[in-house]
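1. sharing a model that was predicted from the sequence below.
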Amino acid sequence: MRVEASFSRNNLDCLRLFFASIVVFYHVYALTNISAFSSFDAIFSPHFAVRGFFVISGLLIYRSYTRSSSISSYFEKRIRRIYPAYFTVILLAAILLPPLSATYPAQSYGLGFWKYLGANLVFLNFLAPALPGVFTSHINPAVNGALWTLKIEVVFYLAVPLIHYLCVRYGVNRVIGLLFSLSLAWKFGFHALSAAHPSIFLYDKMQVEFPAQLNYFCAGILLLVYFDSLKRHFVAISIVTAGLFLLDHFFTGEKLDVLWISGFVFVLGFWKHLGNFSKYGDFSYGVYILHWPILQTMISFGLTAINPALFLLMALSLIGLASFLMWKLVESRFLASSSHYREAQQVRA
């Protein structure tokens, strides 16, 4: 079942960079605790950003699968896009951060080091989030706490062929509707358990893991499947999205967020084309996976003591530069020949 959705001109790269930037600003305060940035905690919502990422993933990844010549081709494209930069970030942390350790060299490169390297290279960051003696005095000692979403993204990649098979056999509405409902049941079920038993950390953890995020991915698939019908109603969808956001913000406490986040992605992603930014590359992934260790390293060097505005300028500059280099030196070199980034660059040339 090939999904024919005509949106060669879109703003999804800009939107992903916007979402990644929200996460950066949120973590600037969450990791540094600099009082000048306290408003970031209220202004920037990492939940909104991450869920927006998952909606976009559902739309683009499902489309990628339906346009792939084979399952192996699909997985090759996914590996090329996500793993080289991910591998580079994990390896650079393992090489560059142990000298900052407060422990002896023998401990820095002991069992904890290899556990970190092994677990993180296969997306199991939760098994070994920290390096021995590194960032131990920080608010959060994790080397890269932003990477928790990557394992969920990988599970989505693995699930797409099965989801597509079921959709072909039983119908898109029936299959996606069932998955959507089961995801919400998981999410709100564990939310209720967490509220009733706040001392049990597992309940709080489970309400944000893969099954709880599946409804956002499914929403992205539905945006794709019904895109050609939805695109005739941008004004109406914008009004409904704004109304749902206000209702959810003031009355229902984010219980309806999958609806207005999906509307936000659809309207901002496709209504007015802002330009072919793909010709410059996609820096959102680099921003997302690099910002945490950069901020942690700056904190380790005591840079939180400087003027907050200067700290923020330095942080954003380093993150921007690192993301640019990651794209130029790593990500773009591993793109599949059919990647729309390569096509955009050829048009630019």
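-> Arrived safely, thanks for sending.

2. residue contacts, residue 33?
-> Neighbour list for residue 33: residue 139 [criterion: Cβ atoms under 8 Å, 6 or more residues apart in numbering]. Placement of C-beta: from N, CA and C, glycine included.

3. if you set the cut-off to 10 Å instead, what comes out?
-> By Cβ atoms under 10 Å, 6 or more residues apart in numbering, the contact set of residue 33 is 138-139, 299, 304.

4. now swap in residue 328 and tell me
-> 281, 283, 286.

5. against residue 284, how distant is the nearest residue to the second one once chain neighbours are set aside?
-> By the measure of Cβ to Cβ, 6 or more residues apart in numbering, the closest residue to residue 283 outside its immediate chain neighbours is residue 323, 4.5 Å from it. In this structure, residue 323 and residue 284 are separated by 8 Å, where distance is defined by Cβ to Cβ, to the nearest Å.

6. settle it for me: which of those two has more neighbours?
-> Using other Cβ atoms under 10 Å as the criterion, residue 323 and residue 284 rank with residue 323 on top: 26 against 23.

7. before we move on, back to that, what about the residue nearest to residue 283, which helix or strand?
-> In the assignment (DSSP states H and E), residue 323 maps to helix 308-329.

8. any idea how many residues pack against residue 34?
-> By the criterion of other Cβ under 10 Å, residue 34 has 16 neighbours.

9. what's the least confident helix or strand in the protein, going by average pLDDT?
-> helix 340-348 (a mean of 58; mean pLDDT, DSSP states H and E).

10. quick check: which ranges of the stretch 201-349 of the chain have low pLDDT?
-> 338, 340-349 (pLDDT under 70).

11. contact partners for residue 236?
-> Contact analysis of residue 236 by Cβ under 10 Å, 6+ apart lists residue 230.

12. list residues touching both of residue 323 and residue 284?
-> By Cβ under 10 Å, 6+ apart, residue 323 and residue 284 have these common neighbours: 17, 20.

13. buried stuff in the helix holding residue 323?
-> If you call a residue buried by 16 or more other Cβ atoms under 10 Å, then helix 308-329 has these buried ones: 311-312, 315-316, 318-320, 322-323, 326-327.

14. and of the residues you listed, the nearest to residue 239?
-> residue 316 (34.3 Å; Cβ to Cβ).

15. you'd agree that closest one is up against residue 291?
-> Yes: Residue 316 is within contact range of residue 291, at 9.1 Å (criterion: Cβ atoms under 10 Å).

16. quick one: end-to-end distance for stretch 302-312.
-> End-to-end distance for stretch 302-312: 14 Å, by Cα to Cα, to the nearest Å.

17. where do the helices sit along the stretch 101-250 of the chain?
-> Counting by DSSP state H, counting those that start in this stretch, one finds helices in the stretch 101-250 of the chain at the ranges 105-108, 111-121, 148-170, 172-196, 201-206, 210-225, 227-230, 234-247.

18. much appreciated, bye for now.
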